[in-house]
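Asker: how does the following fold in three dimensions:
(one chain, ligands or ions: 1)
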Amino acid sequence: MTNILMVCLGNICRSPLAHGILESKLPKEKFYVDSAGTANYHIGEKPDHRSIEVAKKHGIDISTQRCRQFNLEDFDKFDYIYVMDQSNFENVIKLARNTNDIAKVKLILEVDDSIKVKHVPDPYHGDRTDFENVYQLLNNASNIITTNLLS
Ligand code: 4NP
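Answerer: All right, here's what the predicted structure looks like:
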């Protein structure tokens with residue numbers, strides 16, 4: 001099994017979408033995808049309704065996901081830890097115990113050499129257009145991750 005974790009701040013907007021999108025592209029027998037937030041603000045909650053709606057519009061159901069906080073055991077459990085922005089990166093790296101942990105953490109948009117901006121903007125204070133933009137960025141990155149993992 002290859003284990004992949006998506007991480008943002010709240011685990012209600014960006015990482016649940018990244019989780020649902022990548023999970024929909026990979027065979028379940030070989031890949032386990034999960035998500036977490038570095039903050040504890042929304043533990044136990046469903047994803048933001050705007051993330052649920054944009055995922056649904058694209059044929060993905062993320063409504064059964066529940067928010068959890070990133071923890072140290074995630075460094076042991078996961079092979080790849082994709083973060084959405086530089087701030088998430090720093091929050092996760094701060095918890096790393098060794099170089100092995102650090103090596104697992106990547107900005108998700110780094111998988112795409114063709115784009116310059118490497119952060120997924122936080123849509124929490126935004127509108128539907130911002131959520132659609134996040135969906136497109138994450139769908140594109142997930143296509144690249146899928147190609148890389150399956151080749
Ligand atoms: P996310 O967005 O990190 O993409 O889940 C946020 C969700 C909630 C908050 C901030 C960002 N918050 O401050 O509650």
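Asker: from here on, contacts and neighbour counts on C-alpha atoms
Answerer: Fine.
Asker: what does stretch 142-151 contact?
Answerer: 18, 21-22, 25-26, 111-112 (CA atoms under 8 Å, 6 or more residues apart in numbering).
Asker: wait, which of the residues you listed is closest to Asn71?
Answerer: Set against Asn71, the nearest of the contacts of stretch 142-151 by CA to CA is Ala18 (18.6 Å).
Asker: which non-adjacent residue is nearest the closest one?
Answerer: Leu138 (5.8 Å; CA to CA, 6 or more residues apart in numbering).
Asker: also Ser24?
Answerer: Using CA to CA, 6+ apart, the closest residue to Ser24 is Ile60 (7.3 Å).
Asker: again with Asp122
Answerer: Arg14 (7.2 Å).
Asker: contacting residues for the residue nearest to Ser24?
Answerer: Applying CA under 8 Å, 6+ apart, the residues near Ile60 are 20-21, 24.
Asker: returning to that earlier point: give me phi/psi at the residue nearest to Asp122?
Answerer: According to degrees, to the nearest 10, the main-chain angles of Arg14 amount to phi -80, psi -50.
Asker: pretty sure it contacts Tyr82?
Answerer: No. Arg14 is beyond contact range of Tyr82, at 11.3 Å (criterion: CA atoms under 8 Å).
Asker: more neighbours, those two?
Answerer: Ranked by neighbour count (other CA atoms under 10 Å), Arg14 and Tyr82 place Arg14 first, with 29 against 24.
Asker: pLDDT score for the more buried one?
Answerer: Listed pLDDT for Arg14 reads 98.
Asker: for the one 10 residues further on, same thing?
Answerer: Here, the pLDDT recorded for Ser24 equals 98.
Asker: can you tell me which helix or strand it belongs to?
Answerer: helix 14-25 (DSSP states H and E).
Asker: which residues sit against that helix?
Answerer: 5-8, 31-37, 47, 51-52, 55, 60-62, 65, 84, 120, 122-123, 134-135, 138-139, 142-143, 146.
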